[in-house]
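In: Sequence and predicted structure, then a few things I'm wondering about:
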Amino acid sequence: MAPTRTLLSGLLGTALLFPLPLTATAATAATATTATATATANAPGDGRTVDYRGLRLSVPADWRVVDLDRHPGACLRLDLPTLYLGHAGTQAECTGRAAVRRSDTLHLEPLDGAPPRADVPTVAAESVKTLPEVPARSDSNELRYALRRSGIMATVSYGITPGTVREVLSRARTVVGESAAAPAGPPLAAAAVAAPALRTAQERFTGQGFDACTAPTQRSMDTWRADSPFRAVGVYIGGRARACAQPQLTAAWVRKQAQAGWHLMPIWVGPQPWHSASTGLSTDASEADGQGRSAADGAVAAARSLGLPEGTILYNDLENYSDRATWDAPVVAYLTAWTVRLHELRYRSAAYVSASSGVKALSAHHHQAREAMPDVLWVARWNGTASVSDADMGLPKGTAQWAGPRRAHQFRGDHDASYGGVTINIDRNWVDVDPSVLGTGGILPPLLPLS
């Protein structure tokens, strides 16, 4: 049985925190105009005051404060209440893939140099005092405010609603003159306008692939392309249970990897078979059906923003569960609804499931809804064997289910791998997938070669 790949909220990166208490001094205003920040202690239980680039915020007492300029390898985790300051670095410390519980986080960085993320809705505001009304719920529980006057990009992540973290931001005060050099407009068109579509990022592929919690830097991808055995990469494009922020994930990043010859495996981390108000799947099969359709809508919106064309296989990450009596029916309802809706939107469907749970549920119901089954099956079974045989996939011997080039096997999970001097925490996979042979009721044309 493959272990569930979740982030444990008790594992705190304490070395990344500002030590408390700190004494406020006259130097506070000076340091506030740089990319560093100063944290000061308030009365017990009142939280902390943090100055960053002319803004003074009061953050809840249980929030971490992480200075990304001082700690460029820090992971922008979405399961721990945190204020992140500065541009994201390599995120080399990221582990895990799915979050059991999402927390409120706020990431402040200079607007100049903020990545044009396609996976998060972005809205412009003159200042924290003029934040527009909250836009429609993001399928990934994230949104960004481009604060023009302050020259700051504020990325909000939340568990259920953005109200708490948005209030933290809206109550911020200006403590120094706002930068006259702040850009007149936000560099964020990619978030609102679909990127030019690739012809395809998924030609036939057989071989090793890896997935990591956050999209690696371009330098890391180039190094691993030259020095590693991998030619496929899984990247988490969204979903309410996504565990790590994706500052590298832009339409340009996607295009560069496709043009370099990487086979892309876009992953959506939607509701999961566990009881959680922020990330849980409904135990009612009819409600799970609706969640599956909603997940497909969100995944397609993210894929289009990233330039991934119609016909692309989108993978739904659904983690392991032990109570099959409770979860088998909603899991099947969720993944079949995901598939049907993706086909309606002219995308192809895949499911990442555990050999001991999701595979058994899908296999047992395959004959009842064959046309609604995922086009590709990706199985987590950490047995160290790089193959997609029936046995390694947890399927009945000699089965026709997902036969042919329609399988992937995650055979080793959650370990550090180093190639060319670049270390990434990854899962290893053996992939045997040919999108051109996948049948979807005749509604999708064959994929064309990469332009």
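Out: Nice, I can see it.
In: what's the burial count for Trp378?
Out: 31 (other C-beta atoms under 10 Å). Just so you know, the C-beta spots here come from the backbone N, C-alpha and C atoms, and that holds for glycine as well.
In: doesn't it fall inside a strand?
Out: Yes - under DSSP: H, G, I helix; E, B strand; the rest coil, Trp378 sits within a strand.
In: what's the pLDDT at it?
Out: pLDDT recorded at Trp378 is 98.
In: do you know how far it is from Ala355?
Out: 11 Å (C-beta to C-beta, to the nearest Å).
In: before we move on, what about Gly261?
Out: Per C-beta to C-beta, Gly261 is found 30 Å from Ala355.
In: Give me the more crowded residue out of these two.
Out: Ala355 (22 against 11).
In: wait, that one sits on Asp390?
Out: No - if you go by C-beta atoms under 8 Å, Ala355 and Asp390 don't touch, sitting 11.0 Å apart.
In: Name the residues contacting each of these two.
Out: Residues touching both Ala355 and Asp390 by C-beta atoms under 8 Å, 6 or more residues apart in numbering: none at all.
In: Where do the helices of the stretch 301-450 of the chain begin and end?
Out: 324-344, 358-365, 390-393 (DSSP state H, counting those that start in this stretch).
In: I'd like these as JSON lines, with distance to Gly86, mean neighbour count and mean pLDDT appended.
Out: Output for those, formatted as JSON lines (distance: least, C-beta to C-beta, whole Å; neighbours: other C-beta atoms under 10 Å; pLDDT from 0 to 100):
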{"stretch": "helix 324-344", "distance to Gly86": "37", "mean neighbour count": "22", "mean pLDDT": "98"}
{"stretch": "helix 358-365", "distance to Gly86": "39", "mean neighbour count": "21", "mean pLDDT": "98"}
{"stretch": "helix 390-393", "distance to Gly86": "43", "mean neighbour count": "18", "mean pLDDT": "98"}
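In: can you count the residues close to the nearest residue to Asn383 once chain neighbours are set aside?
Out: Once flanking residues are discounted, Asn383 sits nearest to Phe411: 6.1 Å by C-beta to C-beta, 6 or more residues apart in numbering. The number of residues packed near Phe411 is 22, by other C-beta under 10 Å.
In: likewise Gly394?
Out: Gly394 has 23 neighbours, counted by other C-beta under 10 Å.
In: and it, backbone torsions?
Out: Here is the backbone geometry of Gly394 (degrees, to the nearest 10): phi 80, psi 20.
In: so it makes contact with Ser356?
Out: Yes - counting by C-beta under 8 Å, Gly394 touches Ser356, with 7.0 Å between them.
In: anything in contact with each of these two?
Out: Arg381.
In: in the longest strand belonging to the chain, what's buried?
Out: Counting by DSSP state E, the longest strand found in the chain is strand 406-419. Of the residues in strand 406-419, those buried by neighbour count under the rule 16 or more other C-beta atoms under 10 Å are Arg406, Arg407, Ala408, His409, Gln410, Phe411, Arg412, Gly413, Asp414, Ala417, Tyr419.
In: Output it in CSV with nothing but the alpha carbons.
Out: Written as CSV, here are the backbone C-alpha positions of strand 406-419 (Å, rounded to 0.1, in the frame of the first residue of the first chain):
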residue,chain,number,x,y,z
ARG,A,406,-2.8,4.0,-20.9
ARG,A,407,-1.0,3.4,-17.7
ALA,A,408,1.5,5.0,-15.3
HIS,A,409,3.0,3.6,-12.1
GLN,A,410,4.4,5.6,-9.2
PHE,A,411,6.9,3.0,-7.9
ARG,A,412,8.8,5.1,-5.4
GLY,A,413,7.6,8.1,-3.4
ASP,A,414,8.8,11.1,-1.4
HIS,A,415,12.6,11.0,-1.6
ASP,A,416,15.4,13.4,-2.5
ALA,A,417,17.1,12.9,-5.9
SER,A,418,20.1,14.7,-7.1
TYR,A,419,21.3,15.1,-10.7
